[in-house]
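Enquirer: turn this into a structure:
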Amino acid sequence: MRRAAAVAATSRMSAEEMRGPTTAAASAATAGSASASAPAPAPSRWWRVLPALRWIPTSTDRIIAAEKRLLSIVKTGYVQEQINIGSAPPGSKVRWFRSSSDEPRFINTITFDSEENAPTLVMVHGYGASQGFFFRNFDALASRFRVIAIDQLGWGGSSRPDFTCKSTEETEAWFIDSFEEWRKAKNISNFILLGHSFGGYVAAKYALKHPEHVKHLILVGPAGFSSETEHSSEWLTKFRATWKGMLVNHLWESNFTPQRIVRGLGPWGPGLVRRYTSARFGSYSTGELLTEHESTFLTDYIYHTLAAKASGELCLKYIFSFGAFARKPLLQSASDWKVPTTFIYGQQDWMNYQGAQQARTDMKVPCEIIRVPQASHFHWQYSSARTGAPTLMSLNRQVGRAAARAAGHGGLATATSRITSHGRAGDATAARALFDAMPHRDAVAWNAMLTAYTRAAQPRAALALFARMRAPDAFSLTAALAAAAAARSPAAGAQLHGRVLRLGLRAQLPVGNALVSMYAKCTRAADAARAFGEMPELNDLSWCSLLHGYVASGHMERAHELFEEMPTRSNVAWNTLLLGHSHSGNAKQCLALFNKMQMSGLACDDVTLCILVDACTELPSPSTGFAIHKIVVQGGWNIIPEVNNSLISFYAKFSLLDHAVQIFESMENRTTVSWNSLIDAHTRLGYMEQAIALFQSAPETNVISWTTMIRGFVRNGYTSEALALFVNMLTLEYIYPDDFAFGAVLHACASVPCLASGRMIQSCAFQRGFASYLYVANSLIDMYAKCGDIEGASNAFDAIHQKDLVSWNTMLFGFAINGWAEEAFAVYGSMSSHNVSPDEVTFAGLLTACSHSGLLEHGGAFFESMVSVHRLQPKIEHLSCVLDMYARSGNISKAIEMMEHYPEMVKSHGNDLSEALFSFCSSEHLDVRIGRKVGDDLVATAPTRDTGYVMLSNLLCASGHWDEAERVRRAMKEHGVMKSPGCSWIEVKGKVKAEIKTDTEPSLPSITKRPRSYHF
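Expert: Next up is the predicted model:
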């Protein structure tokens, strides 16, 4: 028979022929050349034997070449790619990078030509088989699908990194996470996923973790649905009791794989592979199975995939115990199944279909089991008018049937369900692609897409989609109002309010609550109260939303009045009021309210404790925070990551870094917020080297992580590093800068200052739609003002439609620091006309303007108004401005009188005020007696700072006391105090250059302040 002849012909092939047509031709040419030459001496017997013992070399290139020879049989065109899934240094925590090499990883991928709108079918091979086992299916499947066949990481033509996994969880992640990286690189979603044998196990595990990307799951003879505990494994228990069983089990646990046998046999390896191929695809069938070319190419291909470097094959002992029983059976996860599934088994398949039957009873999604007659694990019935013989993995009919089921499940309801699933996973792009592909959409589908955008934090996209709706219902308006609230757009919210009234939906409770919540989150307390008053029916959410509106708008007195009027006070209400006091800096009132909450008999929750810990950061001493920490531990709340994150920030504020690290190390479940909190703690204390190490070792980062690092660099004077990090963030595909990231990098431009960089950042913010965000706009005002571009600052200020107090204060300060006092006073007057109440920052700006312009009377009037009219307590910033103002006018007695009027402030901030007082003793208003006294006090209280020495020396030099000035200089050197270098910045052709003037050679500052090692 032709099949037998093909197999026989294959077995007669020499090792040289196994290398492929090119190598065989070269061997034939060599042989011909030898026969044509003069007779040579007869070689020895060993010389004749040695060529047969030569190893058949293999490599990734040879695997790809063998694959191309095999695929030359396929008529459909294809593209072969090596999809890069990234690289990482040795020791990386990303599991598929754990290796001694930092070479990039790639996954070998074959994509076949298909029709433009054909559904995508991704095919994953079984253990050691590689995708070549599917070659008989590609032509038929490509006529119906966009077929993508891949080699899993560690097998076939893919990368074969060192396999360092030591557990089942790590091993599963090796395949699942690398497959997800491949999916991201290919940018595909909503595909049909097919897995055969062990590939079925991997495909099922992937669909369990990432159901949002898989449209339908097809498992062909999948492994992993049975475990050793089942009754069918009794024979295995008896076999293990024998010496043979113990030996085989030992070899299994030692990872003695079939590939090791092939590699160990060396020159006899190809022969073993030929016998393996013949047994698998010839012995159990009759009729024409493989042609001679197919047998040759397949055998060659299998040999190279088996003989290559050991990598993925080493997974076996972690995934299965001996006998192919799963250590973590898929049956246990059946109730978590979220993807419609089709099982395909041959009736003679050694994989037990009964496991799939049992799993189907627990699944909550459509599931079908297809059993193919006259088929085994590798042989399937091929229905054809020409022949009815079995053939190698002919899956077209079965996969087509499964695809038909997928299409049957793909109606309106199922498509909407898929959009919802994508939305819950935060993948709005995949949800929108599915939404756009729907031929018909009902209100439920529109609402699902709106919700997906809201969950993905894309409120403006949600509002744009809502604008296209012809007949929105109450749910649509509720979702749109939530989007307007998230976008902090009261204008869009007001338009939606008008539409609610036109549609007559105001009476519905969810819509009314959404209106109140929208106005509250947009800090429109009056509008929220008006919407609240128009509601015919109220519930606890209505009351709490309005309470939040008063708190967010800073109307704490009205918030307390509403709180007393509430029919019931839930934890949400108490927490909202507590949060208001905490954010307004009234820590003592926050703690008093907490005591009142306890007396009412209501127990605190984790949100309450987070608020209290944050409030304690505003206190001068950490003692109260220690007490709250004790409550956290006693109540068992220290297992909540959010509470621990607040405690980390609290201890960082009081420079108790060891306590913060101790909490972090004790956390069992660290979230990204936990890492961000500890990174922020280090940046606040100036330990930038440790912060960088934490940032690089975090298992996952988000935009907050990057923003925290940018702020840390700016806070510690590393503006160039901040700008470079922001540029690096822009190149990442998975991190998108938000308004806070743009604000942070604009602060970096302001601190240098660097106007050219600031303008480029503004252009980038405009391109990405963040220029109109309030935080970004305020940062633009600050950047332009500190760069001296008052016109640019004014333009940014005028472009803000809904200005907050920060906007007014920033513009006022911009005029003040640039010496435009009258314009600063005009801004203050406009604030009053716009019903914006000034705060401490406002008056600090006004006093700065008066100080810089020498307007002593105006400054005194503003200071008096701040205290008597606005009831604001002066702080160190205000007193310093007033002292500076008097110093510029030479009114020393008035300055002394002012300091005596605030003894507590002088006591707590003596150094700062003493430095301000030193400006009295300038060349214009020389007063050696007062200056010497203040200078001596400053040196005594801060002997390690250079300010007191330098200013006292300059004063004595200006007054002609040269000998005393020299003694001050010598005392400074004896104490080891170095004079801080003077630094000037100048911008040349868009680049900021610093000129440093110092007594010693300039040196770059060290990023690290204190070495520290961590063990997480």
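
Enquirer: residues contacting stretch 819-837, please?
Expert: 790, 803, 805, 808, 811-813, 815-816, 838, 842, 845-846, 849-850, 852-853, 855, 858, 870 (Cβ atoms under 8 Å, 6 or more residues apart in numbering). Glycine gets a C-beta too; all of them are placed from N, C-alpha and C.

Enquirer: helix or strand: which one has Leu219?
Expert: Here Leu219, judged by DSSP states H and E, is contained in strand 214-220.

Enquirer: surely Gly154 touches Lys309?
Expert: No. Using Cβ atoms under 8 Å, Gly154 is not in contact with Lys309, being 9.1 Å away.

Enquirer: shared neighbours, the two?
Expert: Listed as contacting both Gly154 and Lys309 by Cβ under 8 Å, 6+ apart are Arg160.

Enquirer: out of these two, which sits in the busier spot?
Expert: Comparing Gly154 with Lys309 by other Cβ atoms under 10 Å, the one with more neighbours is Gly154, at 25 against 16.

Enquirer: how near is the more buried one to Glu169?
Expert: Separation of Gly154 from Glu169 (Cβ to Cβ, to the nearest Å): 17 Å.

Enquirer: can you check Lys75 too?
Expert: In this structure, Lys75 and Glu169 are 43 Å apart, going by Cβ to Cβ.

Enquirer: tell me which of those two has more neighbours.
Expert: Counted by other Cβ under 10 Å, Lys75 and Glu169 do not tie: Glu169 has more neighbours, with 12 against 8.

Enquirer: using CSV, write out the CA atom coordinates for the helix or strand harbouring the more buried one.
Expert: Using DSSP H and E, Glu169 falls within helix 168-186. The C-alpha trace of helix 168-186 is given here as CSV (Å, rounded to 0.1, in the frame of the first residue of the first chain):
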residue,chain,number,x,y,z
THR,A,168,2.5,24.9,39.4
GLU,A,169,1.5,28.6,39.6
GLU,A,170,4.8,29.9,38.2
THR,A,171,4.7,27.3,35.4
GLU,A,172,1.1,28.2,34.4
ALA,A,173,2.1,31.9,34.4
TRP,A,174,5.1,31.0,32.1
PHE,A,175,2.6,30.0,29.3
ILE,A,176,-0.4,32.2,30.2
ASP,A,177,1.3,35.5,30.7
SER,A,178,3.7,35.1,27.8
PHE,A,179,0.6,34.3,25.6
GLU,A,180,-1.0,37.5,26.9
GLU,A,181,2.1,39.5,26.0
TRP,A,182,1.9,37.9,22.5
ARG,A,183,-1.7,38.9,22.2
LYS,A,184,-0.9,42.5,23.1
ALA,A,185,1.9,42.6,20.6
LYS,A,186,-0.4,41.3,17.9
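
Enquirer: for that helix, buried residues please.
Expert: 168, 170-186 (16 or more other Cβ atoms under 10 Å).

Enquirer: output the contacting helices and strands for the host helix or strand of Leu609.
Expert: Per DSSP H and E, Leu609 falls inside helix 606-616. With contacts defined as 3 or more Cβ pairs under 8 Å, 6 or more residues apart in numbering; DSSP states H and E, helix 606-616 has these neighbours: helix 571-583, helix 587-599, helix 623-634, helix 641-653.

Enquirer: quick revisit: partner strands of the strand holding Leu219, with direction?
Expert: strand 191-196 (parallel), strand 341-346 (parallel) (DSSP bridges).

Enquirer: how far out from the middle of the chain is the last one?
Expert: So that's strand 341-346. How far strand 341-346 lies from its chain's middle: 36 Å, per Cα atoms, centre = their mean, to the nearest Å.

Enquirer: next SSE after it?
Expert: Going down the chain from strand 341-346, the next helix or strand is helix 354-362, by DSSP H and E.

Enquirer: mean confidence (pLDDT) on that following helix, please.
Expert: Mean pLDDT, helix 354-362: 79.

Enquirer: so which residues make contact with that helix?
Expert: 219, 222, 225-226, 329-331, 334-335, 337, 343, 345, 367, 369.

Enquirer: buried sites along that helix?
Expert: 355-356, 359-360.

Enquirer: make a markdown table from those residues and add distance to Glu689 to it.
Expert: Formatted as a markdown table, the buried residues of helix 354-362 follow (distance: Cβ to Cβ, whole Å):
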| residue | distance to Glu689 |
| --- | --- |
| Gly355 | 53 |
| Ala356 | 54 |
| Ala359 | 52 |
| Arg360 | 56 |
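
Enquirer: from what I see, Trp706 and Thr731 are in contact.
Expert: No. Between Trp706 and Thr731 there is no contact under Cβ under 8 Å: 11.7 Å.

Enquirer: my guess is Arg759 is in a helix, correct?
Expert: Yes. Under DSSP: H, G, I helix; E, B strand; the rest coil, Arg759 sits within a helix.

Enquirer: how many neighbours does it have?
Expert: 18.

Enquirer: how about Pro329?
Expert: Neighbours of Pro329 (other Cβ under 10 Å): 19.

Enquirer: now it: how far from Ser582?
Expert: From Pro329 to Ser582 the distance is 49 Å (Cβ to Cβ).

Enquirer: now the helix holding Leu609, how far from the centre of its chain.
Expert: With Cα atoms, centre = their mean, you get 26 Å for helix 606-616.

Enquirer: would you map the strands across the protein?
Expert: Ranges of strands in the chain, per DSSP state E, are 78-86, 105-112, 120-124, 146-150, 191-196, 214-220, 320-321, 325-326, 341-346, 367-372, 379-381, 390-392, 982-988, 991-997.

Enquirer: quick one: contacts of the longest one?
Expert: With contacts defined as Cβ under 8 Å, 6+ apart, strand 78-86 is touched by 64, 67-68, 71, 94, 96-97, 104-113, 138, 153, 157-158, 178, 181-182, 185-186.

Enquirer: and the angle for that strand with strand 105-112?
Expert: 160 degrees (axes from the mean of the first three to the mean of the last three Cα atoms, to 10 degrees).

Enquirer: between strand 78-86 and strand 146-150, how many degrees?
Expert: Going by the same axes, to 10 degrees, strand 78-86 makes 50 degrees with strand 146-150.

Enquirer: just the CA atoms of strand 78-86, as PDB, please.
Expert: Only the C-alpha atoms of strand 78-86 are listed here, as PDB (Å, rounded to 0.1, in the frame of the first residue of the first chain):
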ATOM      1  CA  TYR A  78       1.200  32.700   5.000                       C
ATOM      2  CA  VAL A  79       3.400  35.100   6.900                       C
ATOM      3  CA  GLN A  80       6.000  33.800   9.400                       C
ATOM      4  CA  GLU A  81       6.800  36.200  12.300                       C
ATOM      5  CA  GLN A  82       8.800  36.100  15.500                       C
ATOM      6  CA  ILE A  83       6.600  38.200  17.800                       C
ATOM      7  CA  ASN A  84       8.800  40.000  20.400                       C
ATOM      8  CA  ILE A  85       7.200  39.800  23.800                       C
ATOM      9  CA  GLY A  86       9.900  41.900  25.500                       C
END
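
Enquirer: please work out the average pLDDT along that strand.
Expert: 88.

Enquirer: tell me the strands beside that strand, with direction?
Expert: When DSSP bridges is applied, strand 78-86 pairs with strand 105-112 (antiparallel).

Enquirer: what subset of the contacts of strand 78-86 is buried?
Expert: 64, 67-68, 71, 94, 96-97, 105-112, 138, 153, 157-158, 178, 181-182, 185-186.

Enquirer: who's in contact with stretch 781-796?
Expert: Against stretch 781-796 from outside (Cβ under 8 Å, 6+ apart): 746-747, 749-751, 753-755, 758, 777, 780, 797, 807, 810-811, 813-815, 817-818, 820.
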